[in-house]
Structure formats: C-alpha cells, structure tokens
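Chemist: 3D model of this:
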Amino acid sequence: MGLLDDNFRGLQHIGIPVTNLEKSIEFYKKLGFTPEMSAPFDNENGTGKCCMAKRKDTVIELYQLLNIELHVTKKR
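Modeler: As a prediction, this is how the structure comes out:
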C-alpha cells in the first residue's frame with residue numbers, strides 16, 4: 001500500500017471560494033446540497049462569510065472573502 005492508502009481515510013469537506021455567497025448557495029441547492037450552517041469568519045482584512053452545505057456524504061464550504069479580495073477569486 002502507498003502513502004495515501006495508509007494515511008488517507010477521506011475528506012472532511014472541500015472549500016470553494018465564491019464571489020457571491022447568496023447566489024452560490026442557491027446554485028448548490030439546485031444540485032441537491034442543503035445548507036447546514038452559515039457563519040462569519042475573521043480574515044486579515046476584516047470579516048468574510050461562509051456556508052457549509054451537505055449532499056449525502058459530501059460537505060462543501062462556500063466562502064466569500066471581502067470585496068477588497070474578490071479580484072483574486074474572480075481570476076480563478
């Protein structure tokens with residue numbers, strides 16, 4: 001067995017940067033995800049916002065940085 005086989009048991013969640021959290025939540029709802037919790041988070045430039053959503057065994061974290069940092073997200 002390889003390194004991953006011996007040490008990797010799964011993912012807790014996947015983080016996805018978004019430019020508009022509310023629109024992104026609606027998009028992922030259409031894909032069958034259910035928002036489980038939303039909360040602000042502290043960042044070096046202020047406070048961002050995030051939402052954890054779940055579909056079966058898959059959990060995603062949608063997070064939106066501050067407007068000052070959105071240009072980086074838009075380039076991805």
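Chemist: and the spatially closest residue to residue 46 that is not a sequence neighbour, how many residues sit next to it?
Modeler: Closest residue to residue 46 apart from its sequence neighbours, by Cβ to Cβ, 6 or more residues apart in numbering: residue 66 at 4.9 Å. Where you see a C-beta, it was placed from the backbone N, CA and C, and this is true even at glycine. Look at residue 66: counted by other Cβ atoms under 10 Å, it has 13 neighbours.
Chemist: what's the answer for residue 56, then?
Modeler: Residue 56: 7 neighbours (other Cβ under 10 Å).
Chemist: Relative to residue 34, how far out is it?
Modeler: The spacing between residue 56 and residue 34, counted by Cβ to Cβ, to the nearest Å, is 10 Å.
Chemist: May I have the phi/psi pair for residue 25?
Modeler: Main-chain torsions, residue 25, degrees, to the nearest 10: phi -60, psi -40.
Chemist: quick one, what contacts it?
Modeler: By Cβ atoms under 8 Å, 6 or more residues apart in numbering, residue 25 lies in contact with 35, 51, 53, 62.
Chemist: What subset of these is buried?
Modeler: The neighbour-count criterion (16 or more other Cβ atoms under 10 Å) marks 51, 53, 62 among the contacts of residue 25 as buried.
Chemist: does residue 39 really touch residue 48, like I thought?
Modeler: No. Under the criterion of Cβ atoms under 8 Å, residue 39 lies out of contact with residue 48, with a separation of 9.9 Å.
Chemist: So the two - more neighbours on which side?
Modeler: Between residue 39 and residue 48, counting by other Cβ under 10 Å, residue 48 is the more crowded of the two (17 against 9).
Chemist: Could you check how far the host helix or strand of that one is from the centre of its chain?
Modeler: Assigning secondary structure by DSSP states H and E places residue 48 in strand 46-55. Distance of strand 46-55 from the chain centroid (Cα atoms, centre = their mean, to the nearest Å) equals 6 Å.
Chemist: That one: which residues count as buried?
Modeler: 48-53.
Chemist: what's in contact with it?
Modeler: Residues from elsewhere that reach strand 46-55, judged by Cβ under 8 Å, 6+ apart: 13, 21, 24-25, 28-29, 31-42, 59-66, 68.
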